[in-house]
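# what's the 3D shape of this:
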Amino acid sequence: MSNTNSNHFFNNEIVFENHWKNVTLSQINEVIPHDFFGKKEFIEFYLCTNGGCFTNEAYIYRDSFYQVSKNDYNLIEIASFLHIPLFEKDENPYWTSSIIEVMERRDLLSENFEEFTLFHIPFADNYGDNDFWIDIQTGEIKYIDYEESYDPNDAIIVATSFPEFCKNIQAKRR
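Predicted structure coming up:
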C-alpha cells in the first residue's frame, strides 16, 4: 500500500492515496484484455497507481467536455479508482473495490447490465456507490447514478476519454 500522490495524471492539488499493490502489464491485460481509445494511458495509470482514494474532495465537471443545460448533471464527485485484483487468496484492500467485483455485482442487477458489461469497464466510483465506466467501443467515460436509475441505458457521458477524465479532475468545487 502506498500513501503518496505520485500519479502524474492528476494535478498537484489532488490528494490521492491508499493505492493497492503494484500490478504488471500482464496482470492488467488479464483483467482488461480489450483495446479502447485511451487504453495506453489507462495502463500507464494502473502501472503507476493500482486504484486508490481521493483523501480530500475530487470532482469532474461535464461542461469541461460538453455543452450542459441547466437541468443536466454537471458536477460529479469522485471517491476512488477501483483496483486491479491480484487474485491472491484472502487479500483485498478495504478502501477500494476491484474492477472485477464491481462488474460481477452490477451484472446481478439486470439483464441489461449483463449486456452493458460486455462493452464497458468500471474504473471509479463515488461515495454513493455510483460507478464511472469506460465504453470500450468509443473510449468515452460514462456515469451511472443508481439513485436515479438501475438501467445502464440511462448512463450519462461524462468525458471524452480516460486521460481527459483524469486531467480534468478538480480538487475544489467551482
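# against N12, how distant is the nearest residue to T117 once chain neighbours are set aside?
Closest residue in space to T117, ignoring its immediate chain neighbours: M103 at 5.1 Å, by Cβ to Cβ, 6 or more residues apart in numbering. (C-beta placed from N, C-alpha, C; glycine too.) To N12, M103 is 32 Å away according to Cβ to Cβ, to the nearest Å.
# so which elements touch the helix or strand bottoming out on mean pLDDT in the chain?
Lowest by mean pLDDT, DSSP states H and E among the helices and strands of the chain is strand 16-17, with a mean of 82. Under the contact definition 3 or more Cβ pairs under 8 Å, 6 or more residues apart in numbering; DSSP states H and E, strand 16-17 sits against strand 52-54.
# so for the strand it packs on, mean pLDDT?
When pLDDT is averaged over strand 52-54, the result is 89.
# quick revisit: out of M103 and N12, which sits in the busier spot?
The neighbour comparison of M103 against N12 (other Cβ atoms under 10 Å) goes to M103, with 19 against 8.
# wait, doesn't D135 sit right on P152?
No: between D135 and P152 no contact is recorded; they are 10.7 Å apart, counting by Cβ atoms under 8 Å.
# ok, the two, which is more surrounded?
Higher neighbour count among D135 and P152: P152, with 21 against 18, using other Cβ under 10 Å.
# hmm, that one is touching D145, no?
No: between P152 and D145 there is no contact under Cβ under 8 Å: 11.5 Å.
# how close does S80 sit to Y66?
Here S80 is placed at a distance of 24 Å from Y66 (Cβ to Cβ).
# and the spatially closest residue to I141 that is not a sequence neighbour, what pLDDT?
Counting by Cβ to Cβ, 6+ apart, A159 is the residue found nearest to I141 once chain neighbours are left out, at 4.1 Å. Confidence at A159, expressed as pLDDT, is 96.
# now the strands for this protein?
All strands of the chain, identified by DSSP state E, fall at 16-17, 52-54, 59-61, 75-77, 80-81, 120-125, 131-135, 141-144, 156-159.
# mind putting those into JSON lines with distance to K40?
Shown next, in JSON lines, are the strands of the chain (distance: least, Cβ to Cβ, whole Å):
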{"stretch": "strand 16-17", "distance to K40": "20"}
{"stretch": "strand 52-54", "distance to K40": "20"}
{"stretch": "strand 59-61", "distance to K40": "21"}
{"stretch": "strand 75-77", "distance to K40": "25"}
{"stretch": "strand 80-81", "distance to K40": "17"}
{"stretch": "strand 120-125", "distance to K40": "15"}
{"stretch": "strand 131-135", "distance to K40": "13"}
{"stretch": "strand 141-144", "distance to K40": "16"}
{"stretch": "strand 156-159", "distance to K40": "16"}
